[in-house]
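**Student:** Whatever this is, show me its structure:
(one chain, ligands or ions: 2)
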Amino acid sequence: MAVSTIYSTQALNSTHFLTSSPSSSSKQVFFYRRQTNRRFNTIITCAAQQTVVIGLAADSGCGKSTFMRRLTSVFGGAAEPPKGGNPDSNTLISDMTTVICLDDYHSLDRTGRKEKGVTALDPRANDFDLMYEQVKALKSGIAVEKPIYNHVTGLLDAPELIQPPKILVIEGLHPMFDERVRELLDFSIYLDISNEVKFAWKIQRDMAERGHSLESIKASIEARKPDFDAFIDPQKQYADAVIEVLPTQLIPDDNEGKVLRVRLIMKEGVKYFSPVYLFDEGSTISWIPCGRKLTCSYPGIKFNYQPDSYFDNEVSVVEMDGQFDRLDELIYVESHLSNLSTKFYGEVTQQMLKHADFPGSNNGTGLFQTIVGLKIRDLYEQLIANKANAPTEAAKA
Ligand SMILES: Nc1ncnc2c1ncn2[C@@H]1O[C@H](COP(=O)(O)OP(=O)(O)OP(=O)(O)O)[C@@H](O)[C@H]1O
Ligand SMILES: O=C(CO)[C@H](O)[C@H](O)COP(=O)(O)O
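**Tutor:** Ligands and ions are numbered 1, 2, ... in the order given. Below is the predicted model:
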């Protein structure tokens, strides 16, 4: 597309500036990196919709991709990388959703980070100004050309065009780190995986699938820990929902990390989001569902539900410790949970059975990820309905 005359130049901040040109059918906006004057991205179209933006934060290897697959499945349709684009693109597009990986906003490539002695978790290795401008543009229905961080080569590749979707998910290390980006989120989730469990998952994946040694996995976790503690973990205080994954309490001194205690922490008072509850809203409940209606082998299953506080916020917490033997019997548990935002009886069980092969399908990680997916669908539908019903300024006048 031809670039029209620069219409206005506006200073964004110390590192970027922005120019735009008006046109009746489309709007073009360019971001430039100040140091290099390199035109970084071109915003080409202006759609008439508003995009709902969801943030998903977690450390690497903590189940973001698995969660994304569960979420996009709730909306239907398969999620695929942009057609005909960079084969190493990190983006996944389905009919309703576009998932972008915030690794694409690394401002330093692998060599650059090594030279400067910073990790990818360090804010200095990431371009939050560009992240903010692009998420803001997409939220207001404007396409962007987003950079790509190539995990295969460790380099920053040529950008890819991202059209504004109905639902934009920004997943990665820092969706809630920058206050401006945080303000753009309609809903946010943090996957809080305890060190013991993270270690077990990393070993399983990086040793089995990527050929890393136990020592190198340990060293990589240790090297990232200070930056994880400083920059990633504090984001959980801002999340509307946190899925906390801990070792089981059902097996004394368990060190296998196979049986998990998973807590779904849901903030109260979030617009369009009503927390799930067990039996009786606002009560404190402890429930062992094992028996005639739910088959449980050792060490069994235990649920807890209670109101609580989390970083000074009022929350509701549903907890599941243990694992399911038979997923088809999950309907028994589902029928005792309320406010699930399902469209029909048994939808949670159906979703779980559909993806029985995904990691965590037999425990609280899969169950709570599925439930959060359904809550996000509900939030999206309420937001859109509310927008459609809102009288326009012109109509009010
Ligand atoms: N709920 C779970 N239960 C057991 N293992 C899990 C679970 N979720 C993820 N894992 C393990 O962790 C690995 C990483 O999961 P996933 O690819 O979803 O994480 P990620 O956060 O997207 O990782 P990355 O950022 O490194 O791409 C999986 O291969 C799997 O071994
Ligand atoms: O924390 C990470 C998020 O995925 C990665 O380590 C980071 O993006 C750097 O990637 P790579 O290790 O491929 O250079």
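**Student:** I'd assumed Phe368 was in contact with Pro70.
**Tutor:** Careful, residue 70 is Arg and not Pro. No: counting by C-beta atoms under 8 Å, no contact exists between Arg70 and Phe368, whose distance comes to 10.0 Å. In short, each C-beta sits where N, CA and C put it, glycine included.
**Student:** Spatially, what comes nearest to Leu374 if we skip its sequence neighbours?
**Tutor:** Ser341 (4.7 Å; C-beta to C-beta, 6 or more residues apart in numbering).
**Student:** contacting residues around the one you found?
**Tutor:** Leu374, Lys375, Arg377, Asp378 (C-beta atoms under 8 Å, 6 or more residues apart in numbering).
**Student:** What distance do you get for the closest residue in space to Lys116 that isn't next to it in sequence to ligand 1?
**Tutor:** Using C-beta to C-beta, 6+ apart and skipping the chain neighbours, the partner closest in space to Lys116 is Leu108 (6.4 Å). Distance of Leu108 to ligand 1, given as C-beta to the nearest ligand atom, to the nearest Å: 18 Å.
**Student:** So Leu108 is in contact with Gly117, correct?
**Tutor:** No: Leu108 lies out of contact with Gly117 (C-beta under 8 Å); the separation is 10.7 Å.
**Student:** Between these two, tell me which one has more neighbours.
**Tutor:** Leu108 (20 against 7; other C-beta atoms under 10 Å).
**Student:** So what does that one have for phi and psi?
**Tutor:** Note on Leu108: backbone dihedrals following degrees, to the nearest 10 are phi -110, psi 130.
**Student:** Could you tell me which residues make contact with it?
**Tutor:** When contacts are counted by C-beta under 8 Å, 6+ apart, Leu108 touches Lys116, Val118, Arg124, Ala125.
**Student:** Now tabulate those residues in CSV and tack on secondary structure.
**Tutor:** Compiled in CSV, the contacts of Leu108 are given as follows (DSSP: H, G, I helix; E, B strand; the rest coil):
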residue, secondary structure
Lys116, helix
Val118, coil
Arg124, helix
Ala125, helix
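**Student:** Counting neighbours, which of those end up buried?
**Tutor:** Val118, Ala125 (16 or more other C-beta atoms under 10 Å).
**Student:** closest point of the stretch 201-350 of the chain to ligand 2, which residue?
**Tutor:** Arg224 (7.3 Å; C-beta to the nearest ligand atom).
**Student:** Could you double-check that that residue sits in contact with Leu121?
**Tutor:** Yes: the criterion here is C-beta under 8 Å, and Arg224 meets it with Leu121 at 6.2 Å.
**Student:** Who has more neighbours out of those two?
**Tutor:** Leu121 (21 against 16).
**Student:** Quickly note the distance from the residue most central in space within the chain to Arg326.
**Tutor:** Centrality entry for the chain: nearest residue to the mean C-alpha point is Leu56, 2.0 Å, by C-alpha atoms, centre = their mean. Separation of Leu56 from Arg326 (C-beta to C-beta, to the nearest Å): 30 Å.
**Student:** Can you tell me the SS state at Asn304?
**Tutor:** Relying on three-state DSSP, one would call Asn304 strand.
**Student:** Provide the partner residues of the residue nearest to it when sequence neighbours are not counted in its beta bridges.
**Tutor:** Using C-beta to C-beta, 6+ apart and skipping residues adjacent in sequence, the residue nearest Asn304 is Glu319, 4.2 Å away. Following DSSP bridges, Glu319 is listed with bridge partners Arg263, Asn304.
**Student:** I'd assumed Ile301 was in contact with Glu319.
**Tutor:** No: Glu319 lies out of contact with Ile301 (C-beta under 8 Å); the separation is 10.9 Å.
**Student:** returning to what we had before: now, which of the contacts of Ser341 sits nearest Cys290?
**Tutor:** For those, the minimum distance to Cys290 (C-beta to C-beta) is 24.9 Å, reached by Leu374.
**Student:** if I pick Ala385, what's in contact with it?
**Tutor:** Counting by C-beta under 8 Å, 6+ apart, Ala385 has no contacts.
**Student:** Surely it is in a strand?
**Tutor:** No: counting by three-state DSSP, Ala385 is not found in a strand; it is helix.
**Student:** measure it to Val270 for me?
**Tutor:** Distance from Ala385 to Val270, by C-beta to C-beta: 17 Å.
**Student:** circling back: in what helix or strand does the residue of the stretch 201-350 of the chain closest to ligand 2 lie?
**Tutor:** helix 214-227 (DSSP states H and E).
**Student:** Show which residues not belonging to that helix make contact with it.
**Tutor:** Against helix 214-227 from outside (C-beta under 8 Å, 6+ apart): Asp59, Thr119, Leu121, Asp122, Asn195, Lys198, Phe199, Lys202, Ile203, Asp206, Met207, His212.
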